[in-house]
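Visitor: coordinates only, sequence not included:
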């Protein structure tokens, strides 16, 4: 599924893909293995609840995309 999103980013001629991940989510290591890096931390208020997140970023380039598929 991530590769499908990366393909759409490529098709839109964009160069970065950001996603928000809760700082305590075990999936952070998965996203890191996929090439995402932590760009910054973000705290988002939802009513009286706070989402404490990392914004993880993947640099998407034509060559990088095709290397990841092979």
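Guide: Nice, I can see it. All of these numbers come straight from a predicted model, not from anything done at the bench.

Visitor: which stretches of the protein have low pLDDT?
Guide: 62-70 (pLDDT under 70).

Visitor: what about the strands in it?
Guide: Listed in chain order, the strands of the chain (DSSP state E) span 16-22, 37-46, 49-59.

Visitor: Redo those as TSV? Include mean neighbour count and distance to residue 2.
Guide: Backbone N, C-alpha and C define where each C-beta goes, glycine included. As requested, the strands of the chain are arranged in TSV below (neighbours: other Cβ atoms under 10 Å; distance: least, Cβ to Cβ, whole Å):
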stretch	mean neighbour count	distance to residue 2
strand 16-22	14	9
strand 37-46	10	15
strand 49-59	15	9
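
Visitor: just how off-centre is stretch 54-64 within its chain?
Guide: The chain centre lies 7 Å from the centre of stretch 54-64; the measure is Cα atoms, centre = their mean, to the nearest Å.

Visitor: picking that back up, output the strands of the chain as TSV; include the columns distance to residue 10.
Guide: Output for these, formatted as TSV (distance: least, Cβ to Cβ, whole Å):
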stretch	distance to residue 10
strand 16-22	10
strand 37-46	19
strand 49-59	11
